[in-house]
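Undergrad: This is a predicted model, with the sequence first.
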Amino acid sequence: MNQFRQSMYDLIVETSTNLPADVRKAIKAAQEQEDAGTRSALSLSTIATNIEMAECNVSPICQDTGMPTFIIHTPVGANQIQMKKDILEAVSLATKHGKLRSNSVDSLTGKNSGDNLGPGTPVIHFEQWERDEIDVRLILKGGGCENKNIQYSLPCELEGLGKAGRDLDGIRKCILHAVYQAQGQGCSAGFIGVGIGGDRTTGYELAKKQLFREVDDVNEIPELAQLEEYIMKAANQLGIGTMGFGGQVTLLGCKIGVMNRLPASFFVSVAYNCWAFRRQGVVIDPATGAITKWIYKSGSEEPMKRPAQKPETAVAQGGERREVVLTAPITEEQIRSLRVGDVVILNGPMFTGRDALHKYLMDHDSPVDLNGHVIYHCGPVMLKDENGEWHVKAAGPTTSIREEPYQGDILKKFGIRAVVGKGGMGAKTLKALSEHGAVYLNAIGGAAQYYAECIKKVNGVDFLEFGIPEAMWHLEVEGFAAIVTMDSHGNSLHADVERDSLGKLEQFKEPVFK
Ligand SMILES: O=C(O)C[C@H](O)C(=O)O
Ligand code: SF4
């Protein structure tokens, strides 16, 4: 088994950097369905480019490399203690090499362990079987989509859909509601795994296990096969689209599993996975620890279509949208001229800030003058070279709504003119954008290689003690494209799409499965 640690390292790198063929196929099919020139089509082109860049750079597809979760089947007698040690070493090494972001945070102190190891991380499940080989599957599911997981307890009353009872039709309503409530925040278009039954814990486990099924397989249980097919059709009529920009494709895959439950409980658990659906698996020779087979067809066999021109250029040429180039510090006048739908190309300085920084800035000063500047909701993957210089390895946006309690106050306090993130923000921020004269710019979630390439220099860093993802990185960008989705005149594309999709959800109120 001396090669086992290397095999686990290879599995981690492949999973983080090369999206498997079945996932790529689903994204390519979505590209075919969206009308050229729309915001969703533009986002899918960026996503396609990003997938190819990640494979080519052998760098993370998305900066959030998630909670590494290993599901392992071993022959009777395999040394699981040694295997676990090897996995921990492989995880730590992959983190050191920038293939995983340091993602393990002490929940009480906020301290990042720096190597992805700590109580509860990574997740490793062992099970014995009677076969001779070892089967290791890995999923890297990011935090933003994890936050959109949802569990229903039937019977219940659902917004837009009314009563959901303890039957197949009630289950149908829960799943549709799950897709609706995620909006674009889990980086739609997404994949869902559903677990029917179990208790609160095993229901979610079952839901996550569904994510290991191939996107195009067919459920062995006929009622569930029918339900999966129905959900794919119905969810794609909600109009949420890629990143919640509106569009034809909201859901890329739906897999449903079932297990028994207690008489008093009836849970429907939904695990939401972003388009950056990173999972792979290997078969291992128990004698040597070497990989004998990759379980999911490699992404390298399913190349993405690269757009002929840069996606943002294509949009600007589409006519209806304006492209505005801005360099910080930005004036109020420049901001007031922007409208929802405009594409902004940012050049110059940009400062990252996410959860820890927003909380800090509420009652402290900023170490840098933020007047007229751009704050980027981003927790990058960074590596330091031998000369002590930092390099950006992956740097897409994080879900902005988490900063809703702070953002409005902070942008007024420091004079910030633009907030870059993904998934949009709420009413409090929208009001502050209007009052102060600022905009919200939506970048494409998960497109971490695409944005990393726009970052030309790291000028400095503050609060490294918050950990790499939470630190305030001083970046210098060039050609960083994002779409105005909330302007300084009270308009929010996110509010519009949410309202429209609720209207569409209501069309699915009547029973379908009797
Ligand atoms: O943590 C991140 O960088 C992103 C996160 O996965 C998110 O979707 O918000
Ligand atoms: S940023 Fe988006 S693509 Fe990346 S892990 Fe979070 S939800 Fe997934």
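TA: It's in. Numbering: from 1, shown residues only. Ligands and ions are numbered 1, 2, ... in the order given.
Undergrad: Need the pLDDT of the closest residue to residue 490 other than its chain neighbours.
TA: Once flanking residues are discounted, residue 490 sits nearest to residue 434: 5.3 Å by C-beta to C-beta, 6 or more residues apart in numbering. C-beta here means a position set from N, CA and C on the backbone, and glycine is covered the same way. With respect to pLDDT, residue 434 scores 98.
Undergrad: And the strands in the stretch 351-500 of the chain?
TA: Remark: strands assigned in the stretch 351-500 of the chain by DSSP state E, counting those that start in this stretch are 374-376, 381-384, 390-394, 418-421, 439-442, 455-462, 472-486.
Undergrad: Off-centre distance for the third one?
TA: What that stands for is strand 390-394. 19 Å (C-alpha atoms, centre = their mean, to the nearest Å).
Undergrad: for the record, mean pLDDT for it?
TA: For strand 390-394, mean pLDDT rounds to 97.
Undergrad: and residue 252, what is it in contact with?
TA: Contacts for residue 252 (C-beta atoms under 8 Å, 6 or more residues apart in numbering) come out as 23, 26-27, 30, 189-191, 215, 275, 277.
Undergrad: which SSE is it in?
TA: Using DSSP states H and E, residue 252 falls within strand 251-258.
Undergrad: Name the strands paired with that strand and say parallel or antiparallel.
TA: For strand 251-258, the pairing partners within the sheet under DSSP bridges are strand 190-196 (parallel).
Undergrad: Compute the mean per-residue pLDDT across the strand it pairs with, please.
TA: 98.
Undergrad: got it, and stretch 451-469?
TA: 97.
Undergrad: number of nearby residues for residue 169?
TA: 16 (other C-beta atoms under 10 Å).
Undergrad: Could you check the pLDDT of it?
TA: Residue 169 is given a pLDDT of 98.
Undergrad: what does the one 4 residues further on give?
TA: Residue 173 carries a pLDDT score of 98 in this model.
Undergrad: Okay, and it sits in which element?
TA: Using DSSP H and E, residue 173 falls in helix 168-182.
Undergrad: tell me the angle that helix makes with strand 251-258.
TA: Angle between the axes of helix 168-182 and strand 251-258 is 140 degrees (criterion: axes from the mean of the first three to the mean of the last three C-alpha atoms, to 10 degrees).
Undergrad: For residue 64, see how far away residue 421 is.
TA: Noted for residue 421: a distance of 13 Å to residue 64, by C-beta to C-beta, to the nearest Å.
Undergrad: same question, residue 207
TA: Distance, residue 207 to residue 64, by C-beta to C-beta: 20 Å.
Undergrad: now swap in residue 214 and tell me
TA: The value you get for residue 214 to residue 64, if C-beta to C-beta is used, is 24 Å.
Undergrad: Neighbour count for the two, which is higher?
TA: Higher neighbour count among residue 214 and residue 64: residue 64, with 30 against 16, using other C-beta under 10 Å.
Undergrad: Please report the distance of the more buried one from ligand 2.
TA: 4 Å (C-beta to the nearest ligand atom, to the nearest Å).
Undergrad: Quick check, pLDDT for the closest residue to that residue other than its chain neighbours.
TA: Nearest non-adjacent residue to residue 64, counting by C-beta to C-beta, 6+ apart: residue 142, 3.8 Å away. If you check residue 142, the pLDDT there is 98.
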